[in-house]
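Participant: here's a sequence, model it:
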Amino acid sequence: MCESCDSGSVSKVNTRRDFLRLAGLGAGALLLAGALPGRLAQAAEATSAPPKPKNVISPDDALKRLMAGNERYVSGNSETHDFKDEREALVSGQNPFVAVLSCSDSRIAPEYAFDTARGDLFAIRVAGNFVTDEGLASLEYGVAVLGAPLILVLGHERCGAIEAGIKAVKDHTVFPGHIPKLTDALKSSIESVIKQPGELVENATVQNVKDSVERLKKATPLLTDALDTGKLKIVGGIYRLATGKVELIA
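Facilitator: Numbering: from 1, shown residues only. Predicted coordinates for the structure are as follows:
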């Protein structure tokens, strides 16, 4: 057990270790998650390396790298990626440098928008890019197990889910099937900006991203602990459809 743990923390450590074991991870991934104590961690470090060593970077460097990729994408100078070698390197595992919560919109492809290769970006997508329980669990996994130092919540212009949410709030439109689950989830963000000047869809899109970022920052010890120790940064951005540029807003 690590020096910072006391006897009252044993059950929590065991629970987390069980989670990692059930995930079928090798020693290298366990080491990334900080779950192996003492000599066992040293042994793992000596015998195992992350699949993509260049992805083991600080949160600030991860953000700089992400935005540099977006600049290449916007300018049309995306890099050529060797997918064959990447496939072979990633057979043993993964260690992405960013986890992205984005909309399911077919016009938004985070891997392209940030000019990333396989194994670089851990993607969670849902129409309206809001935080669901399942999405939160996925982000916890990306940070605590895979070692991602950065989370980006990515909204975009002319979001259909936001537009539907506005109709539900303003016109009391009731959509068929399970679509109301989307509009209900976006309701609070829309209501908080409904009287603000400017375009409501844009304002609601921005607010939804900000609300999602704030929820993640307070959501769970797996994320808050990483934030408090400087191992994680959580930011928000808006994707501009015409240019492909991502503007950081939170």
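Participant: rest of the way, CA atoms for contacts and neighbours
Facilitator: Noted.
Participant: and after the lowest-mean-pLDDT helix or strand in the chain, which helix or strand comes next?
Facilitator: Within the chain, no helix or strand scores below helix 38-47, which has a mean of 41 by mean pLDDT, DSSP states H and E. Toward the C-terminal end, the helix or strand that comes next after helix 38-47 (DSSP states H and E) is helix 59-75.
Participant: average model confidence for that next one?
Facilitator: Mean pLDDT, helix 59-75: 98.
Participant: next, the buried residues of it.
Facilitator: Judged by neighbour count (16 or more other C-alpha atoms under 10 Å), helix 59-75 contains these buried residues: 59, 62-63, 65-67, 69-74.
Participant: ok, those residues vs residue 133, which is closest?
Facilitator: Each of those was scored against residue 133 by C-alpha to C-alpha, and residue 59 proved nearest at 23.9 Å.
Participant: surely the closest one meets residue 147?
Facilitator: No: the criterion here is C-alpha atoms under 8 Å, and residue 59 misses it with residue 147 at 10.7 Å.
Participant: any stretches of the chain with poor pLDDT?
Facilitator: 1-48 (pLDDT under 70).
Participant: mind listing the helices in it by residue range?
Facilitator: In the chain, the helices defined using DSSP state H lie at 10-22, 27-32, 38-47, 59-75, 83-89, 110-113, 133-140, 160-170, 179-193, 200-219, 221-228.
Participant: nearest to residue 99, of these?
Facilitator: Taking the helices of the chain one by one with C-alpha to C-alpha, helix 133-140 is closest: 6.8 Å.
Participant: and that closest one, what does it pack against?
Facilitator: Where contact means 3 or more C-alpha pairs under 8 Å, 6 or more residues apart in numbering; DSSP states H and E, helix 133-140 is packed against strand 121-125.
Participant: name every strand pairing with the strand it packs on and say which way it goes.
Facilitator: Next to strand 121-125 in the sheet, as set by DSSP bridges, lie strand 98-102 (parallel).
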